[in-house]
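# pasting the structure only:
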Ligand SMILES: NC(=O)c1ccc[n+]([C@@H]2O[C@H](COP(=O)([O-])OP(=O)(O)OC[C@H]3O[C@@H](n4cnc5c(N)ncnc54)[C@H](OP(=O)(O)O)[C@@H]3O)[C@@H](O)[C@H]2O)c1
């Protein structure tokens, strides 16, 4: 029997999109500016294509302009950089996202750092990472920003003094997640593959964030009773119970055993995943307001 509150990322994302749509309409009425998000997709990776289509649909549903630029897999890095430069200069574009992963012949860091920091709605540019680290206005990576929104929605706005453990130290999830929780006055530990006695570290956490990429690694007996558990992991595993060759998605947390102990927990699917695109739209609105010289609304 599961004791934990199940954090519904789908419902939270829906509410966030509705609040964004209201603010987009207000911005248009007040200033005549319509936020625009440009997505650049290189190649034909089927998962990326689905993701880019969803982004375009949700962008339009929020009342923003959506621009999708598809480039051939064999495009040169210089031609991709020229496309980014064109979007940097385009006044109708306030957010630019280059869909990752890029083909192997590209230098991903070089491409990311070619996006104008003010339009870097993914928050991956080194300037935005530095701004986040030093407490200045930054574009913040969508997944960790969405996680903090869900944590505050669950635990209340004041997270001061809570012990947070982040498992994973990637530039796109673990590190910005740790920085955001530090900014919320949590006492933060970042754990990784070299951490000694990971279960014991996790058991100290009032807020436990798993961003590892290892199916169901974190078990119920690694969790402090009542903790808030945010599972960022998305792992596809075999599901023979559904039929031969079938698969299903699981997180980095063993949901069933963790839900017995945690106070609140995000499921996979339906937890962190649905939040990511909604936060991308929130970042596009923020970028547009800053570029237009208007105070970005809280959504
Ligand atoms: N929901 C979403 O929207 C969303 C967005 C982004 C990512 N994700 C998912 O989140 C997961 C993490 O993504 P990522 O990009 O951050 O992954 P990543 O770059 O591969 O980083 C994984 C991190 O986990 C650590 N790690 C690996 N094995 C470990 C172990 N046995 N014990 C402790 N730590 C271990 C690694 O430590 P080292 O640094 O020591 O190697 C690394 O820091 C993936 O499943 C990804 O699909 C979901």
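Here it is on my side, so go on. Given the structure is predicted, the values throughout are model-derived calculations rather than measurements. Residues are numbered from 1 along each chain as shown.
# Please, where are all the helices along the stretch 101-250 of the chain?
With DSSP state H, counting those that start in this stretch as the criterion, the stretch 101-250 of the chain has helices at 108-112, 126-133, 142-155, 174-183, 198-203.
# could you dump those to JSON lines with mean pLDDT, mean neighbour count and distance to the ligand?
Where C-beta positions appear, they are placed from N, C-alpha and C, glycine not excepted. Output for those, formatted as JSON lines (pLDDT from 0 to 100; neighbours: other Cβ atoms under 10 Å; distance: least, Cβ to the nearest ligand atom, whole Å):
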{"stretch": "helix 108-112", "mean pLDDT": "98", "mean neighbour count": "15", "distance to the ligand": "12"}
{"stretch": "helix 126-133", "mean pLDDT": "98", "mean neighbour count": "18", "distance to the ligand": "14"}
{"stretch": "helix 142-155", "mean pLDDT": "98", "mean neighbour count": "22", "distance to the ligand": "4"}
{"stretch": "helix 174-183", "mean pLDDT": "98", "mean neighbour count": "22", "distance to the ligand": "5"}
{"stretch": "helix 198-203", "mean pLDDT": "98", "mean neighbour count": "16", "distance to the ligand": "6"}
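# Quick one: residues contacting the residue nearest the centre of the chain.
With distances taken as Cα atoms, centre = their mean, residue 143 lies nearest the centre of the chain, 1.4 Å away. Residue 143 sits next to 172-173, 232, 272, 275-276, 279 when contact means Cβ atoms under 8 Å, 6 or more residues apart in numbering.
# Report the two of the residues you listed separated the most.
Across the contacts of residue 143, the two members that end up farthest from each other (Cβ to Cβ) are 172 and 275, 14.4 Å apart.
# neighbour-wise, which of these two wins?
residue 275 (24 against 18; other Cβ atoms under 10 Å).
# Confirm that that one sits in a strand.
No. Looking at residue 275 with DSSP: H, G, I helix; E, B strand; the rest coil, it is helix, so not inside a strand.
# mind checking how far it is from residue 266?
9 Å (Cβ to Cβ, to the nearest Å).
# Now list whatever residues contact both of the two.
With Cβ under 8 Å, 6+ apart as the test, residue 275 and residue 266 both reach 9, 150.
# can stretch 117-125 be found next to the ligand?
No. Looking at stretch 117-125 against the ligand by Cβ under 6 Å from any ligand atom, there are no contacts, and the closest approach is 10.8 Å.
# How about stretch 224-234?
Yes. Against the ligand, stretch 224-234 shows contacts by Cβ under 6 Å from any ligand atom at 232-234.
# Show me how far the worst-scoring helix or strand of the chain on mean pLDDT is from its chain's centre.
Averaged element by element with mean pLDDT, DSSP states H and E, the chain has its least confident helix or strand at helix 46-61 (a mean of 94). Computed by Cα atoms, centre = their mean, to the nearest Å, the chain-centroid distance of helix 46-61 equals 15 Å.
# Give me the buried positions along that helix.
Residues 48, 51-52, 55, 58-59 are the ones in helix 46-61 that count as buried (16 or more other Cβ atoms under 10 Å).
# okay, those residues in a markdown table with distance to the ligand next?
Shown next, in a markdown table, are those (distance: Cβ to the nearest ligand atom, whole Å):
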| residue | distance to the ligand |
| --- | --- |
| 48 | 13 |
| 51 | 10 |
| 52 | 14 |
| 55 | 12 |
| 58 | 14 |
| 59 | 17 |
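# What is the burial count for residue 206?
Neighbours around residue 206, by other Cβ under 10 Å: 18.
# ok, and the closest non-adjacent residue to it?
residue 162 (4.2 Å; Cβ to Cβ, 6 or more residues apart in numbering).
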